[in-house]
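Q: Just to be clear, the model below is a prediction. Sequence and coordinates:
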Amino acid sequence: MRRPKLLKLTLENLVSKPATVQYPYQPTVIEPDFRGRHYADLSKCTGCSLCSIECPADTIKMTPIPQEYEVPKSNPRRLYPLINYGRCIFCYRCITVCPFNAYVTTNEYRLADTAKNDSSELSLSTLKKTVKG
Ligand code: SF4
Ligand code: SF4
């Protein structure tokens with residue numbers, strides 16, 4: 001690149017807005033349709049396993065609902081889809097195939113965690129507890 005051109009480019013960049021944001025001090029811009037963390041609302045889920053069967057990343061494990069939770073009669077097997085976010089590719093196929101519209105979607109993208117990173121807490125929070133735990 002010739003010097004006058006380089007100088008012009010340098011001066012332009014000095015006065016232009018930065019192309020990046022200072023995350024985490026500034027929030028990241030997120031499109032409304034961004035596919036973020038999702039989980040099953042267990043007041044709607046019937047435990048049918050369809051989402052688990054259809055998941056292309058094999059990341060949904062049908063899991064027993066702990067005894068201390070009230071489970072709807074529509075879920076006689078007391079199972080729920082547990083999503084491992086570390087394996088998920090966020091294709092949202094599980095959401096598309098669920099016949100009961102049981103999935104809740106969010107645009108939460110901050111998924112890094114040192115503890116377990118799955119949907120258990122969010123899903124179980126959609127049920128009442130039978131006893132105080
Ligand atoms: S978004 Fe896709 S990869 Fe993730 S749990 Fe659902 S079906 Fe599986
Ligand atoms: S497809 Fe829907 S109803 Fe069936 S297990 Fe998955 S979330 Fe529950």
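A: Structure received. Ligands and ions are numbered 1, 2, ... in the order given.
Q: how close does the residue most central in space within the chain get to residue 66?
A: With distances taken as CA atoms, centre = their mean, residue 37 lies nearest the centre of the chain, 1.0 Å away. Going from residue 37 to residue 66 by CB to CB, to the nearest Å gives 21 Å. Where C-beta positions appear, they are placed from N, C-alpha and C, glycine not excepted.
Q: ditto for residue 86
A: 22 Å.
Q: for residue 116, same thing?
A: Counting by CB to CB, the gap from residue 116 to residue 66 is 15 Å.
Q: Those two: which is more packed in?
A: Taking neighbours as other CB atoms under 10 Å, residue 116 and residue 66 compare with residue 66 leading, 14 against 10.
Q: picking up where we left off before, state the pLDDT value of the residue nearest to the centre of the chain.
A: In this prediction, residue 37 carries a pLDDT score of 96.
Q: How about residue 133?
A: Residue 133 carries a pLDDT value of 49.
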